[in-house]
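[1] Here is my input; please provide its structure:
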Amino acid sequence: QLQLVESGGGLVQPGGSLRLSCVASDSALEYYHIGWSRQGPGKEREGVSCISTLSSTYYADSVKGRFTISRDNAKNTVYLQMNSLKPEDAANYYCAADRGSCSVPNMRFWGKGTLVTVSS
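    Numbers count the residues shown, from 1 in each chain. You can find the predicted model right below:
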């Protein structure tokens, strides 16, 4: 059973930056597609970004040009660099993993999330 642990959330002012990390318990992280999803207050969960096993990257239109996903397989870690944060980016951010595809909502393994608050 793959376990995922997110960190890096916190309070940031609008326009600020945060870097989220997702550490996997499995040393074979390289065989998993890794995605980030978020759920804001009163909102449905939405896929934010995904990085494939070949390091192809995908982003939701709402975060393109502001967020960057990357992976370090040697450290079993995937990162989400978030710049130019907006109040509407505030949410619980979840890391997910799957061997099959970068379809984030359908990923098999999920972390418990890390909270991002964007407020002045």
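[2] which residues touch the residue nearest the centre of the chain?
    Nearest to the mean C-alpha position of the chain, by CA atoms, centre = their mean, lies Trp36 at 2.8 Å. If you count contacts by CB atoms under 8 Å, 6 or more residues apart in numbering, Trp36 has them with 20, 22, 47-50, 69, 78, 80, 93-96, 104. For every residue, glycine as well, the C-beta is placed using N, CA and C.
[3] how about the helices in the protein?
    For the chain, no helices are identified by DSSP state H.
[4] which residues of it fall in strands?
    4-7, 10-12, 18-24, 33-39, 46-51, 57-59, 67-72, 77-82, 91-98, 109-110, 114-118 (DSSP state E).
[5] can you redo those strands as a markdown table with mean pLDDT?
    Output for the strands of the chain, formatted as a markdown table (pLDDT from 0 to 100):
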| stretch | mean pLDDT |
| --- | --- |
| strand 4-7 | 97 |
| strand 10-12 | 98 |
| strand 18-24 | 97 |
| strand 33-39 | 97 |
| strand 46-51 | 97 |
| strand 57-59 | 98 |
| strand 67-72 | 97 |
| strand 77-82 | 98 |
| strand 91-98 | 97 |
| strand 109-110 | 96 |
| strand 114-118 | 98 |
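[6] shouldn't Gly10 be in contact with Val118?
    No. Contact criterion CB atoms under 8 Å: Gly10 and Val118 do not qualify, at 10.0 Å.
[7] Which one's more surrounded, these two?
    When Gly10 and Val118 are compared for neighbours, Val118 comes out ahead with 19 against 12, by other CB atoms under 10 Å.
[8] For that one, list each beta-bridge partner.
    Beta-bridge partners for Val118, by DSSP bridges, are Val12.
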